[in-house]
Every structure is written in structure tokens, then in C-alpha cells.
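**Q** 3D, please:
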Amino acid sequence: MLTDHQKTKLKAALTEAMKNSYPKGAATTYAAAVLTKSGNVYAAAQYFSDTYSLTLHGEQCALVHAAAHGEGEVVTMACLSNEKLEKGQFAYPCHMCKQLLYESQKRSGIPMTILLTHESGEEKELMLDEMLGAFLWPK
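**A** Numbering: from 1, shown residues only. Next comes the predicted model:
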């Protein structure tokens with residue numbers, strides 16, 4: 001479980017990252033932030049490509065940002081979206097990003113917490129394994 005301080009730190013980083021999505025003014029924006037074992041937070045928003053296949057997702061950018069600073073031991077991935085969703089719904093990482101999160105967790109051996117947030121203020125906290133299980137083995 002994340003502490004209130006950790007959540008506040010992650011949400012602040014996500015809010016700042018949303019301002020830096022590329023290109024500016026996209027209708028739907030996604031940002032992500034990682035909390036590393038050392039307590040540092042690295043955040044980034046998506047980098048959209050007109051080819052779509054070259055678009056970098058917020059989760060990918062945040063993981064690379066941490067790795068560029070020598071930090072690969074991620075304990076939390078937080079995601080933020082301004083996507084128009086019903087109350088209680090969240091934008092989950094796509095399957096490519098879930099694969100990267102899984103590999104990061106496997107390499108570090110640290111169970112990863114996922115914090116899904118929305119600009120409306122709603123949030124959902126779960127473990128990566130729980131999130132993956134829900135997609136792999138739906139009830």
C-alpha cells in the first residue's frame with residue numbers, strides 16, 4: 001500500500017507531466033510516473049507520432065526516464081488520464097506497457113504497485129500481478 005505522502009508526490013508529478021505531452025493540445029492525454037526503490041519519482045507524458053506505431057506511451061517514457069537516471073528498481077507505476085470515462089472506470093496501461101511493467105518487476109524482484117488516477121480525482125490502487133491476472137483470467 002502506498003502512503004498518502006507517496007500518492008501526493010506521484011500525483012503532483014503526473015499533473016506536471018500532463019502539461020508536457022507532445023504535441024500540445026491533444027484531446028486525450030496520458031501520463032505516467034514511477035516511484036523507485038530509492039524514493040525518487042520520474043514522470044512523463046506520451047509522445048505522439050503521426051505514424052501511430054512510433055508513439056511512445058507515458059508508461060514507456062517514465063520507465064526510460066528512470067532508467068536514464070540509473071534507476072531500474074520500480075516499486076510503483078502511477079498512471080493519469082483525461083480520457084472521458086464513467087465514474088469508477090480507469091485507463092489501464094495497454095498490453096505493450098503491461099509487458100514492460102512485468103519485465104521490470106521480474107528483473108528487480110520487487111512487487112509493483114499500480115496507481116490508476118483520473119483528472120476527476122478518482123484513484124484505484126492494485127498490485128501489478130492482480131492487474132495482469134484480471135486481464136489474463138477474467139472472472
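**Q** Okay, now the unreliable bits of the chain?
**A** 134-139 (pLDDT under 70).
**Q** all strands for it, in order.
**A** For the chain, the strands defined by DSSP state E cover 30-36, 41-45, 74-81, 113-118, 123-127.
**Q** wait, Leu115 sits on Glu123?
**A** Yes - in this structure, Leu115 is within contact of Glu123 by Cβ atoms under 8 Å, at 6.3 Å. Yep, even glycine has a C-beta here, placed from its N, CA and C like the rest.
**Q** Those two: which has the busier surroundings?
**A** Leu115 (23 against 16; other Cβ atoms under 10 Å).
**Q** Look up the residues forming beta bridges with the more buried one.
**A** Leu115 has these beta-bridge partners by DSSP bridges: Ala78, Glu125.
**Q** rewinding a little: what touches both of Leu115 and Glu123?
**A** Lys7 (Cβ atoms under 8 Å, 6 or more residues apart in numbering).
**Q** before we move on, the earlier item: out of the strands of the chain, nearest to Gly58?
**A** Proximity to Gly58 (Cβ to Cβ) singles out strand 30-36 among the strands of the chain, at 3.8 Å.
**Q** Dump that closest one to CSV, restricted to CA.
**A** Written as CSV, here are the backbone C-alpha positions of strand 30-36 (Å, rounded to 0.1, in the frame of the first residue of the first chain):
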residue,chain,number,x,y,z
TYR,A,30,-1.9,10.1,-20.7
ALA,A,31,0.9,10.5,-18.3
ALA,A,32,2.8,8.1,-16.0
ALA,A,33,5.2,8.3,-13.1
VAL,A,34,7.4,5.7,-11.4
LEU,A,35,8.4,5.6,-7.8
THR,A,36,11.8,3.9,-7.5
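**Q** Outside of that strand itself, which residues are in contact with it?
**A** Contacts for strand 30-36 (Cβ under 8 Å, 6+ apart): 2, 6, 9-10, 13-14, 17-18, 21, 41-46, 57-59, 61-63, 65-66, 71-81, 83, 91, 93.
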